[in-house]
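Colleague: curious how this folds, go ahead:
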Amino acid sequence: MDASSKPTCHVVRPSHAYGGKQGLSYFEGIAAETVGSTGICMHLLTIPPGVRARAHLHEDHETAIYVLSGEAHTWYGDRLENHVVTRSGEFLYIPAGVPHLPANLGHAPCTAVIARTDPKEQESVVLLPELDGLVRG
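Modeller: Numbering: from 1, shown residues only. Below you'll find the predicted structure:
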């Protein structure tokens, strides 16, 4: 291996957000597109008050979330029949292939760090529009 192909460290300074398929805006972070990662992505997400994502799942990829501030409601399961609230300082794990829909029902923004075992971040997102109407809020 020559010096030009040797893996190296990268600093990412999030300078802009991008719209995800899920209907939320993410600040760019660690991904195949930004640093050439091959097994992970990590982004910063802020959900404004009263905003929710589209129902979706991540095929074959796990998700780990750490809430920095605020709180997020997440409905999950085949028919979004389960509900959990994740607050500042708490983690949420979402297994691969589990349908889910996060929302901010509060009056303050919810900011979280999101890591997935999908280095391309949006590639494994599968929208589930048939589930969107199951959640009120």
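
Colleague: can you pull out the strands in this structure?
Modeller: Here the chain has its strands, by DSSP state E, at 17-19, 25-30, 41-47, 56-58, 63-69, 71-76, 82-87, 91-94, 100-103, 110-116, 125-127.

Colleague: to residue 7, which of those lies closest?
Modeller: strand 25-30 (13.5 Å; Cβ to Cβ). From N, CA and C alone the C-beta is placed, and that goes for glycine too.

Colleague: beta-bridge partners for the residue nearest the centre of the chain, please?
Modeller: For the chain, the residue nearest the mean C-alpha position is residue 114 (4.9 Å; Cα atoms, centre = their mean). On the basis of DSSP bridges, residue 114 is bridged to residue 43, residue 65.

Colleague: gap between it and residue 130?
Modeller: 24 Å (Cβ to Cβ, to the nearest Å).

Colleague: where does pLDDT dip in the chain?
Modeller: The chain contains residues with pLDDT under 70 at 1-4, 18-19, 23, 25, 121-123, 137.

Colleague: what do you get if the cut-off is 50, keeping everything else the same?
Modeller: Flagging of the chain using pLDDT under 50 yields the residue ranges 1.

Colleague: list the buried residues of stretch 59-79.
Modeller: Residues of stretch 59-79 classed as buried by neighbour count (16 or more other Cβ atoms under 10 Å): 61, 63, 65, 66, 67, 70, 71, 72, 73, 74, 75, 76.

Colleague: if I pick the third one, what's in contact with it?
Modeller: So the one you mean is residue 65. 72, 86, 91, 92, 93, 94, 112, 113, 114, 115 (Cβ atoms under 8 Å, 6 or more residues apart in numbering).

Colleague: alright, calling it a day.
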